[in-house]
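# predicted model, plus sequence, below.
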Amino acid sequence: MPQHEHMERHRKLHGRRMDAEERDRKKESRLVHKRSEFAQKVHGIRAKIYQKRRFKEKATMRKTIAMHNQRSNQHANDEAVADGAVPAYLLDREGVSRAKVLSNTVKQKRKEKAGKWEVPIPKVKPVADDEMFKILKTGKRQKKAWKRMVTKCTFVGDSFTRKNPKYERFIRPSGLRMKRANVTHPELKTTFQLAILGVKKNPSSQIYTNLGVLTKGTIIEVNVSELGLVTTSGKVAWGKMAQVTNNPELDGCVNAVLLV
Amino acid sequence: MSGDKRTGGIAWAGSLVGSENPKSLGYRYSNPAKRYRKDGENEEEHKLPTNLVIQFRNRQGEELADNLDVPTGSSVDDLQALIRSLLEQQGDGDNAKIPYSFYAKVEKNGVLDDVEITHRLSDFLNENKVSTEDVLQLTYQPLAVFRVRPVTRCTDTMPGHTEAILHVSYSPDGKHLASGGGDTTVRFWDVNTSLPKHTCKQHKNHVLCTAWSPDGTRFASCDKNGVLILWDPTNGKPIFSKKAHRQYISSLSWEPMHLNGGKCERLVTSSKDSTCKVWNVRTQQCLLTLSGHTDSVECVRWGGEGFLYSASRDRSIKVWTMKDGDVPGKLVRSLKGHSHRVNTLALSSDYICRTGPFDHRGTPFASREEGFQASVEKYKNFIQQGHERLVSGSDDYTLFLWHPTQEKHPIKRLTGHQQAVNHIAFSPDGRYFASASFDKKVKLWNGFSGDFLNTLTGHVGPVYQVAWSSDSQYLVSASKDSTAKLWEVPTGKRARATLPGHADEVFALDWSPNGASVATGSKDRTIKIWKC
């Protein structure tokens, strides 16, 4: 007969000793101290084995605690109604992008006129002229200094032809010219690469606007016809404003956010 | 063909332009107004005999009077005057007052086709190769006795819903409007003042589809959880509510009034759980469960002949009988032909069944029995034009025309759309049907033969819904591009009017049966009412 059943039988026959509970409690209380003593004393391979075992124990302990905690957690409301209601004929249709209609054209035109937009980056550090332009020395003795080279990214329209060097005051280096921007739609939370149509406003200076300089905070117009946005009158929206959110000259690309 | 004699001419068109006929410019006038202008000067017309022998017959092929000798220059109005006097002579006084349209059989590419005479006989003879020696058989068909004026302007914008509006519907008499939305409410609106009447909150999920009973006394709505609720439109209180299906309910349809002695207590619902269920709303019981489809049922219709038609994503359309003598719910035939999910169904009798006993004035009825008699009478008149026809539209970009009460083979397969067909609507008189597709087009088809008539282009987004005016003269379409457009039928290729104003996609559309107004419901949470 194995030991434990033997002992169980004894317990059934004679009961436990009177202080059994007390002894158990004390033994358990002392266990942590004993373990600690052992853990501090042990070294070498035994220490490694002990620590690994102890680590596993603690991990299960943490899991158990987390499991018990979950009960007091608040659950999502089953009664809640999902957003984005669509009619039965559009349910279960994949690939139907649900782009929002943006502000109507009238509103946009008004804003355009005033040259004011409610923009995601309201305040922009002004860019000084000497940061923007590099003075080019010209002339046979290199002593004339009327020519400037733009040191920031620019947008140059397709129809642009350079002037005669004699008359060309501002040079926009072709390496810094940008044609496309990565535009984020703030409500769809998606980013599209769209063609730039023009620079509407560079907050630092009107000259920069005319030159098409792209710095952080610049308002640009992008071609959104691919997105399939429509105006309230049922026309496909073509150009939309966006604000540059990065420093293109540092990143080598233009990132922008669509103004809704 | 002596070139030196030419006095004018621009281009070649068959014969040498300008040599024989100096007035001809070498292209065919497509504009009827211009056609009138050249009236009397065209030498081609002189080649036609001055008179032509015609024979009138009705849709059933019965001949009216003997052969008649009429001038080729007679217009449709002349023909109408003639046929009215003929009908009056025969003692058919009621039918003598209404307008008619005329069709002639013409062979085109080896197929006999009905061509409508739109202006005058001579124009028709010039445009079509028809022998002037033979007797011309003209089929006459009654038009609606009233005219609906086209809607042009937005008279009211009704806010209230706090989420997208998914369904709007006018009551059969056109005196009430109800809408169901993504905010889980059903709302009843006062048509005259455009103010909210009742807001009913009992659904727990998006209200997907709604329908008025044909007698206009009850209103059913279904939601995305599969719950069916029946409302009393007079006080906005629910009569009963039931968890009808395990998944969302895609469509519902009431039993036509002429089939049930005016009781209007049965309806059928279809669901994504691939079943249809027939309900008795008085006893609040499910009478039948029609489980034959193997995939989600997208659309269900209760036809005027006592059959149920259900279209499913399993590519088939099933016909179930609910006739009195038959075993109810027996599968009669399965219509196969589509190669992709079937989205929508339209019946030629849809409008008749929907409006029940009411005529275009929405006259109320003293008793239920009287209403029943009126609806029976109305249906009997309508069905004279032939079998009940069914059109189905599918994701395989085609439509099929069926005679579902007769045979299981399609009459015609209609191609032309370049994207999935989302919605089809038969004109109230059954002469045309229009199909709305995701390819931004609405196409117009002949309601009897299924011949292609016209493509209506103008929308810049997928077209979601179409609705007809009750006189079958106008069509409105609702699109994702935030507008609805009004079209003239069957001639208008360009939109007669654009109804702009919504800030987002237009999901729901309905034209009031009394023709007074159009309601559109949009994702921008407003309902707009359009009037002329």
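That came in fine, so what should we check first? Residues are numbered from 1 along each chain as shown, chains lettered A, B, ... in the order given.

# ok, for the residue of the stretch 51-200 of chain A at minimum distance from chain B, nearest residue in space, not its chain neighbours?
Closest to chain B within the stretch 51-200 of chain A is A:Ala85: 2.3 Å, counting by C-beta to the nearest C-beta. For every residue, glycine as well, the C-beta is placed using N, CA and C. Once flanking residues are discounted, A:Ala85 sits nearest to B:Gly182: 2.3 Å by C-beta to C-beta, 6 or more residues apart in numbering or on different chains.

# what about the one you found, distance to B:Gly430?
Going from B:Gly182 to B:Gly430 by C-beta to C-beta, to the nearest Å gives 34 Å.

# more neighbours, these two?
Taking other C-beta atoms under 10 Å in any protein chain shown, B:Gly182 and B:Gly430 do not tie; B:Gly182 has more neighbours (26 against 23).

# same question for stretch A:183-201: list its buried residues.
Within stretch A:183-201, the residues that count as buried by 16 or more other C-beta atoms under 10 Å in any protein chain shown are A:183-185, A:192, A:194, A:196-197, A:199-201.

# just checking, which of these belong to strands?
Members of these lying in strands (criterion: DSSP state E): A:183-185, A:192, A:194, A:196-197, A:199-201.

# which one of these is nearest B:Ser250?
Distances from B:Ser250 to these, taken as C-beta to C-beta, are shortest for A:His185 (31.0 Å).

# I'd guessed the closest one sits against A:Phe192; true?
Yes. Assessed by C-beta atoms under 8 Å, A:His185 is found in contact with A:Phe192 at 7.2 Å.

# overlap in contacts, these two.
The contact sets of A:His185 and A:Phe192 overlap at A:Leu227 (C-beta atoms under 8 Å, 6 or more residues apart in numbering or on different chains).

# residues in contact with the most centrally placed residue in chain A?
Central residue of chain A (C-alpha atoms, centre = their mean): A:Lys189, 9.6 Å from the mean position. Residues near A:Lys189 by C-beta under 8 Å, 6+ apart: none.

# pick out the most distant pair among the buried residues of stretch A:183-201.
A:Phe192 and A:Lys201 (21.8 Å).

# distance of B:Ser479 relative to A:Ser174?
44 Å.

# neighbour count: the two, which is higher?
Neighbour totals were compared for B:Ser479 and A:Ser174, and B:Ser479 leads with 26 against 9 (other C-beta under 10 Å).

# test my guess that B:Asn280 contacts B:Cys264.
No. At 10.9 Å, B:Asn280 does not count as touching B:Cys264 under the criterion of C-beta under 8 Å.

# the two: which is more packed in?
B:Cys264 (26 against 15).

# from the stretch 351-500 of chain B, which residue is nearest to chain A?
Nearest to chain A, among the residues of the stretch 351-500 of chain B, is B:Thr483, at 3.3 Å (C-beta to the nearest C-beta).

# burial measure for that residue, as a count.
28.

# give me the distance between it and B:Gln80.
Taking C-beta to C-beta, one finds B:Thr483 at 36 Å from B:Gln80.

# what helix or strand is the closest residue to B:Asp439 other than its chain neighbours located in?
Leaving out its chain neighbours, the residue that sits closest to B:Asp439 by C-beta to C-beta, 6+ apart is B:Gln419, at 3.6 Å. Counting by DSSP states H and E, no helix or strand carries B:Gln419.

# got a pLDDT number for B:Gln419?
pLDDT for B:Gln419: 91.

# dump the residue contacts of it.
Contacts of B:Gln419 by C-beta under 8 Å, 6+ apart are B:397, B:437-440, B:462.

# equivalent analysis for B:His293, please.
B:274-276, B:310, B:312, B:314, B:316, B:318 are the contacts of B:His293 under C-beta under 8 Å, 6+ apart.

# what about B:Asn422, neighbour count?
B:Asn422: 24 surrounding residues under other C-beta under 10 Å.

# so which strand or helix has it?
strand B:421-426.

# output that strand as CSV, nothing but the C-alphas.
Only the C-alpha atoms of strand B:421-426 are listed here, as CSV (Å, rounded to 0.1, in the frame of the first residue of the first chain):
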residue,chain,number,x,y,z
VAL,B,421,-26.8,45.8,-61.9
ASN,B,422,-28.1,47.0,-58.6
HIS,B,423,-31.8,47.9,-59.0
ILE,B,424,-34.5,47.5,-61.6
ALA,B,425,-37.9,49.2,-61.8
PHE,B,426,-40.8,48.5,-64.1
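
# helices and strands around that strand, which ones?
strand B:342-347, helix B:350-355, strand B:390-394, strand B:432-437, strand B:463-468 (3 or more C-beta pairs under 8 Å, 6 or more residues apart in numbering or on different chains; DSSP states H and E).

# name the nearest residue to B:Leu48, ignoring sequence neighbours.
B:Leu48 sits nearest to B:Thr72 (C-beta to C-beta, 6+ apart), 5.1 Å away.

# distance of that neighbour relative to B:Leu121?
Per C-beta to C-beta, B:Thr72 is found 5 Å from B:Leu121.

# so what sits against both of those two?
Residues touching both B:Thr72 and B:Leu121 (C-beta under 8 Å, 6+ apart): B:Leu52.

# of those two, which one has the most company?
B:Leu121 (26 against 19).

# pLDDT score for the more buried one?
With respect to pLDDT, B:Leu121 has a value of 82.

# which phi and psi values does it adopt?
phi -60, psi -40 (degrees, to the nearest 10).

# correct me if wrong: it contacts B:Gly73.
Yes. Between B:Leu121 and B:Gly73 there is a contact under C-beta under 8 Å: 7.1 Å.

# need the longest helix for chain B.
Counting by DSSP state H, the longest helix found in chain B is helix B:368-383.

# what packs against that helix?
helix B:350-355.

# so what touches the helix it packs on?
Defining contact as C-beta under 8 Å, 6+ apart, one finds that helix B:350-355 is touched by B:172-173, B:212, B:214, B:254, B:256-257, B:301-304, B:347, B:378-379, B:382, B:425-428, B:468, B:470, B:513.

# which of those residues are buried?
Buried by 16+ other C-beta under 10 Å: B:172-173, B:212, B:214, B:254, B:256-257, B:301-304, B:347, B:378-379, B:382, B:425-428, B:468, B:470, B:513, out of the contacts of helix B:350-355.

# can you give me the distance of B:Asp134 to chain A?
To chain A, B:Asp134 is 48 Å away according to C-beta to the nearest C-beta, to the nearest Å.

# so that residue lies in a strand, does it not?
No. B:Asp134 is assigned coil when assessed by DSSP: H, G, I helix; E, B strand; the rest coil, not a strand.

# how far away is it from B:Asn67?
On the measure of C-beta to C-beta, B:Asp134 and B:Asn67 end up 11 Å apart.

# ok, B:Arg187 next?
Using C-beta to C-beta, we find B:Arg187 at a distance of 60 Å from B:Asn67.

# what of B:Asp173?
Taken as C-beta to C-beta, the span from B:Asp173 to B:Asn67 is 45 Å.

# average model confidence for the helix or strand in which A:Asp24 is found?
For A:Asp24, the element it lies in under DSSP H and E is helix A:20-41. Averaged over helix A:20-41, pLDDT sits at 95.

# and the next helix-or-strand element following it, what does it pack onto?
Per DSSP H and E, helix A:20-41 leads on to helix A:45-70 as the next helix or strand towards the C-terminus. Secondary-structure packing of helix A:45-70 (3+ C-beta pairs under 8 Å, 6+ apart): helix A:20-41.
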